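Peer 1: What would the 3D arrangement of this be:
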Amino acid sequence: MFKWLTRSKVPTKPTSTLDIGMPEDGWLLPDTADNLLSTPLRQQLIQLIWHRTSLSKPLFTELYLNPIQKYAALVQRLPASESHHHAHLGGMLDHTLEVVCFAAKMRQTHLLPPGCPPEDQTKEAEVWTAAIVYAALLHDIGKPLVDMTVMTESGARWHPWHGPLTEPYRLQYNPQRDYRLHPAAGAILCTHILPQAALNWLSEYQQLFSSLLYSIAGHYESAGIIGELIQKADQASVAQNMGGDASKALARPQSTLPKQIIAALRELVQNTLKLNNTKFGSDGWLTEEALWLVSKTASDKTRAWLLQHGITGVPDSNSRLFDEMQDHGIVLSNEGKAIWNCTVKSSSGWSPGVDLTLLRVSPSLIWEQVENRPPLFDGTVTPVAVVNSIPPLDNPSPNNSDNHPPEVNLEELTLSLFSSPEDPPAIVPFMPERIQPDRVDVPPQPSSFIQQAPISERPQEKPTSSIADLAFLNWLKQGIMTKHLQINDVQAKIHVVNGSIFLVSPEIFKLFVKETIGSTGEEWREVQKVFQKQKIHRRGKDGINIWTCEVQGPRKTRKIKGYILETPTLLFGEESIIPDSNPYLTLIET
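Peer 2: As a prediction, this is how the structure comes out:
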């Protein structure tokens with residue numbers, strides 16, 4: 001049974017998916033689990049899972065291989081997403097095996113159950129490993145149920161509870177799918193994958209079983225360490241597939257930045273940006289000639305999307321991002337420039353009143369199938385010649401545009417916990433809440449500085465006005481709850497000092513703005529101003545808002561500045577889960 005686990009790799013099939021035949025009419029042929037799992041990559045993944053669970057072959061087969069085979073037979077060659085990560089045929093199986101592999105690796109670094117005596121941890125080690133592997137295996141199983149429609153050659157719709165497919169099939173993604181639904185739907189299919197004996201075994205451990213059920217249903221905030229590991233493993237697999245900075249558990253060529261930008265644009269245009277409004281503003285307009293996107297909106301949201309998915313090397317300024325798009329043919333050039341100055345007018349008579357600066361994208365880059373495109377804009381987008389206009393691009397940053405965190409000197413490890421203002425923030429792929437600024441609507445009041453300049457973003461607002469109402473505290477709460485934001489750790493912007501929360505400023509506000517709207521300008525100042533007006537921070541006797549902490553290092557000390565929240569429950573909810581104070585930080589009283 002285990003011959004395929006150890007046999008040599010087949011050199012003629014280096015890809016991650018199996019090259020089974022596909023009829024010309026587009027129907028996919030169902031296959032057996034053994035064949036689906038026989039590719040070199042999947043063999044390697046299962047070998048890694050086997051070694052990381054440290055079980056004998058018969059026990060590994062019973063606990064893990066059999067459920068993996070059931071999963072493979074069920075998902076066949078379905079992709080993991082329509083145009084995002086692992087969007088190739090067989091991508092769901094590849095992604096799931098990667099998540100299981102990453103989760104099993106991270107499980108090795110944890111003593112579980114947490115807080116229990118060593119003898120209990122030894123006794124329950126295998127059952128906790130099983131729960132983590134099962135949670136990883138089932139984390140996306142709901143997608144075939146709610147995200148896509150699978151039709152068989154006989155004309156019947158297939159549902160996962162019907163069991164493995166037995167006749168040719170084809171799939172189509174549901175355009176109105178709810179991205180929050182597939183985790184909840186996964187619980188329905190739990191018993192179709194996991195053996196009854198394993199469920200009986202797991203149910204004997206109440207804390208573990210509760211965490212497993214919460215994780216399978218997508219309630220990671222209640223799933224404890226299991227939910228945390230599954231989220232991190234999922235992020236690592238996505239980042240690795242998208243070319244981000246994931247642990248190199250497997251050797252695989254990374255996607256290039258241009259491919260990542262294209263993936264971001266497809267995701268944003270198809271699911272986020274608003275197109276073709278005829279009575280008020282839009283984020284873009286589709287005409288017979290091109291897809292026209294508001295340059296600032298498109299670039300900011302693209303940058304935010306890339307950062308949220310763990311992509312490194314993302315240009316900090318719009319001008320550099322435009323250059324990257326132009327150099328690789330993602331946007332069509334206008335006499336050597338990426339920006340097109342255009343007049344937009346709908347058939348209803350609506351017009352922004354001023355020329356807009358737009359990006360011109362080929363529709364085929366966003367929609368591979370013509371029938372998937374939205375209706376054309378009922379109006380016109382007309383390029384105009386502009387003389388001596390002020391470019392709407394961001395000024396290039398003098399700092400390195402790459403988003404790699406700085407290297408840490410081992411002798412300065414303690415001091416490296418606290419980044420200086422010059423250090424770029426650590427990139428975290430998970431983003432619990434996306435901020436979507438308003439779209440172009442009302443033309444701005446003219447000013448002497450920009451009278452002759454076309455605009456690229458919302459003409460009715462200052463760049464920072466849409467940020468004043470952003471839920472900064474909610475971002476902090478969700479980031480802490482999901483481990484998106486680290487505390488008392490390397491490059492952390494949040495620390496505990498004398499039982500209070502210390503927010504490193506301005507770095508925490510810059511990180512918030514950068515990861516929500518993608519901006520690297522001065523918008524963070526507006527967020528800081530709104531935060532300060534809430535009066536939830538400690539003020540000194542002389543009315544100061546900013547406090548100073550001294551960082552004690554092995555050889556030297558340095559100082560960092562920030563705000564103090566005297567009520568940690570604003571972010572943590574329960575005092576019992578508040579971390580201990582950072583022993584290397586000392587508050588300098590004034």
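Peer 1: CA atoms for contacts and neighbours, from now on please.
Peer 2: OK.
Peer 1: Sketch out the strands for the chain, chain order is fine.
Peer 2: For the chain, the strands defined by DSSP state E cover 148-152, 157-158, 169-173, 284-286, 291-294, 339-346, 356-361, 379-383, 494-497, 500-504, 547-552, 557-565, 585-588.
Peer 1: The most centrally placed residue in the chain and residue 302: what is the separation?
Peer 2: Centroid-nearest residue in the chain: residue 309, 3.6 Å away (criterion: C-alpha atoms, centre = their mean). Plainly put, residue 309 is 11 Å away from residue 302 if you go by C-alpha to C-alpha, to the nearest Å.
Peer 1: do the same with residue 371
Peer 2: Note on residue 371: its distance to residue 302, by C-alpha to C-alpha, is 25 Å.
Peer 1: neighbour count winner among these two?
Peer 2: Using other C-alpha atoms under 10 Å as the criterion, residue 371 and residue 302 rank with residue 302 on top: 25 against 8.
Peer 1: ok, that one - contacts?
Peer 2: Contacts here follow C-alpha atoms under 8 Å, 6 or more residues apart in numbering; on that basis residue 302 touches 261, 264, 265, 268, 518.
Peer 1: swap in residue 261?
Peer 2: Neighbour list for residue 261: 302, 306, 325 [criterion: C-alpha under 8 Å, 6+ apart].
Peer 1: Give me the below-cutoff pLDDT ranges for the stretch 201-350 of the chain.
Peer 2: Counting by pLDDT under 70, the ranges of the stretch 201-350 of the chain that qualify are 243-256, 310, 312.
Peer 1: make it 50
Peer 2: Residues of the stretch 201-350 of the chain meeting the criterion pLDDT under 50: 245-255.
Peer 1: Which residue ranges make up each domain of the chain?
Peer 2: As recorded under automatic domain parsing, the domains making up the chain are 32-241, 257-383, 462-588.
Peer 1: Now do the helices in the stretch 101-250 of the chain.
Peer 2: Assigned by DSSP state H, counting those that start in this stretch, the stretch 101-250 of the chain shows helices spanning 118-123, 125-137, 143-146, 181-185, 190-193, 196-203, 206-216, 224-241.
Peer 1: Tell me which of the ones you listed sits nearest to residue 71.
Peer 2: Comparing the helices of the stretch 101-250 of the chain against residue 71 with C-alpha to C-alpha, the closest turns out to be helix 190-193 (6.2 Å).
Peer 1: can you tell me the average pLDDT over that closest one?
Peer 2: Helix 190-193 comes out with an average pLDDT of 90.
Peer 1: picking that back up, adding mean neighbour count and distance to residue 74, write the helices of the stretch 101-250 of the chain out as CSV.
Peer 2: Formatted as CSV, those follow (neighbours: other C-alpha atoms under 10 Å; distance: least, C-alpha to C-alpha, whole Å):
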stretch, mean neighbour count, distance to residue 74
helix 118-123, 12, 33
helix 125-137, 22, 12
helix 143-146, 22, 9
helix 181-185, 20, 15
helix 190-193, 17, 9
helix 196-203, 14, 18
helix 206-216, 22, 17
helix 224-241, 23, 20
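Peer 1: I'd like those written out as a markdown table, with distance to residue 84 added.
Peer 2: Compiled in a markdown table, the helices of the stretch 101-250 of the chain are given as follows (distance: least, C-alpha to C-alpha, whole Å):
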| stretch | distance to residue 84 |
| --- | --- |
| helix 118-123 | 39 |
| helix 125-137 | 19 |
| helix 143-146 | 14 |
| helix 181-185 | 16 |
| helix 190-193 | 25 |
| helix 196-203 | 33 |
| helix 206-216 | 22 |
| helix 224-241 | 9 |
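Peer 1: For residue 77, which of these is the nearest?
Peer 2: Judged by C-alpha to C-alpha, the one of the helices of the stretch 101-250 of the chain that comes nearest to residue 77 is helix 143-146, at 11.1 Å.
Peer 1: on contacts alone, who are the packing partners of that closest one?
Peer 2: Helices and strands touching helix 143-146, by 3 or more C-alpha pairs under 8 Å, 6 or more residues apart in numbering; DSSP states H and E, are helix 181-185.
Peer 1: Below-threshold pLDDT in the chain: ranges please.
Peer 2: Along the chain, segments meeting pLDDT under 50 span 1-23, 245-255, 387-470.
Peer 1: Now do the helices in the stretch 251-400 of the chain.
Peer 2: Using DSSP H, counting those that start in this stretch, the helices of the stretch 251-400 of the chain run over 257-271, 295-308, 318-327, 363-366.
Peer 1: How many residues are close by residue 161?
Peer 2: For residue 161, the neighbour count with other C-alpha under 10 Å is 12.
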